[in-house]
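Undergrad: Got a predicted structure plus its sequence, pasted below:
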Amino acid sequence: MPQLEVDGAALTYDDEGPRDGDGAPLVFVHGWTADRHRWDHQSAHFAARRRVIRLDLRGHGESSGAGVRTVAELAADLLALLDHLGVRRCVLVGHSMGGMIAQTVALSHPERVERLVLVNSIARMTYNRGRGLLMGASTLVPFKMFVAANIRRAFAPGHPKDEIDAYVASSAGTPREVVMTLYGAMRAFDVLDRVKEIQAPTLMIHGYHDIQLPVRQMLRMAMAYPDAVVRIIDAGHELPVERPAELTAAIDAFVTDRTGGADSTGEAEEVGRSEQIA
């Protein structure tokens, strides 16, 4: 796989699909302790007709590098890769922490983002009591136990145990220093007061059962955006792997301008349901 050296890290990435395909390139950014393979379903679907780029963030997957203390530093890595690949404008898709990176790019370089897709992501990190206690205990329990607890609670009830076990094992391969440093970066992340500046059409798609970043936090963000479509799916925090086909279809509809009309009523009903979450 190709790699790009950026500030002491070797970033592994995939660059697939036709250069002269339909629309701007799609750029997929994974979340905390994940890797670029979270997007396998989406990449396979879109690369048949348009350029698709995805990377392993520094310290994740097949990329090297230490953790960084701000989300902005991860955004700088992404911009360096886009510059290297000659991508001046793209559709930016980010899951969880990847959505924080995507929003940072959209704010700092709005000319680079044609459309924005935020999957299970928020603009201001706020932990509920349960997540706060889990993170507070992170220094008191074995690292692999801490990672496993975070990953298991990310999935909606009923998700196949063998699949969850595979993702736990994969996430546990992320170095402890990277995991904990980036936890601090996410905890400090807050652009909620600035998202009104993002003019790119935005799709916010979220799992109804997400207890990592609850729907109500996403809705607070959605209300601040000037141009946002909200979709709620019956899943947890790991939408790219819990409901890959539904996520792919939603992104496809959004990037090909099929989100208006009859869909708008359904979207309003879904938002009303999500607001009932305590």
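TA: On my side now, so go ahead. Numbering: from 1, shown residues only.

Undergrad: Break down the stretch 151-278 of the chain into its helices, ranges please.
TA: 161-171, 176-188, 215-224, 239-242, 244-255, 263-274 (DSSP state H, counting those that start in this stretch).

Undergrad: Comparing these, which yields the minimum mean pLDDT?
TA: Mean pLDDT values for the helices of the stretch 151-278 of the chain show the minimum at helix 263-274, a mean of 34.

Undergrad: For the stretch 101-250 of the chain, give me the ranges with low pLDDT.
TA: Within the stretch 101-250 of the chain, the stretches with pLDDT under 70 are 127-141.

Undergrad: ok, so what distance separates Asp35 from Met223?
TA: 32 Å (CB to CB, to the nearest Å). Any C-beta I mention is one placed from the backbone N, CA and C, and that applies to glycine too.

Undergrad: What of Leu78?
TA: Noted for Leu78: a distance of 27 Å to Met223, by CB to CB.

Undergrad: Geometrically speaking, which residue is the centre of the chain?
TA: Nearest residue to the geometric centre of the chain (CA atoms, centre = their mean): His95, 1.1 Å.

Undergrad: hey, what's it bridged with?
TA: Going by DSSP bridges, His95 is paired in beta bridges with Val119.

Undergrad: Contact partners for it?
TA: Residues in contact with His95, defined by CB atoms under 8 Å, 6 or more residues apart in numbering, are Phe28, Val29, His30, Gly31, Ala34, Arg38, Val119, Asn120, Ser121, Leu239, Pro240.

Undergrad: about what we covered before: compare neighbour counts for Asp35 and Met223 and give me the winner.
TA: Asp35 (21 against 12; other CB atoms under 10 Å).

Undergrad: mind listing what the closest residue in space to the more buried one that isn't next to it in sequence touches?
TA: Nearest non-adjacent residue to Asp35, counting by CB to CB, 6 or more residues apart in numbering: Gly61, 3.0 Å away. By CB under 8 Å, 6+ apart, Gly61 lies in contact with Thr12, Ala34, Asp35, Arg36, His37.

Undergrad: is it fair to say Gly61 lies in a strand?
TA: No - Gly61 is assigned coil when assessed by DSSP: H, G, I helix; E, B strand; the rest coil, not a strand.

Undergrad: Tell me the spacing between it and Arg194.
TA: Counting by CB to CB, the separation of Gly61 from Arg194 is 30 Å.

Undergrad: ok, now Met145?
TA: Distance from Met145 to Arg194, counting by CB to CB: 37 Å.

Undergrad: what do you get for His209?
TA: 29 Å.

Undergrad: ok, now Asp14?
TA: With CB to CB as the criterion, Asp14 and Arg194 are 31 Å apart.

Undergrad: cool, and Gly21?
TA: Counting by CB to CB, the gap from Gly21 to Arg194 is 32 Å.

Undergrad: give the contact list for Met125.
TA: Residues counted as contacts of Met125 (CB under 8 Å, 6+ apart) are Met186, Arg187, Ala188, Phe189, Asp190.

Undergrad: how about the fourth one, phi and psi?
TA: Phe189 adopts backbone torsions of phi -70, psi 130, taken as degrees, to the nearest 10.
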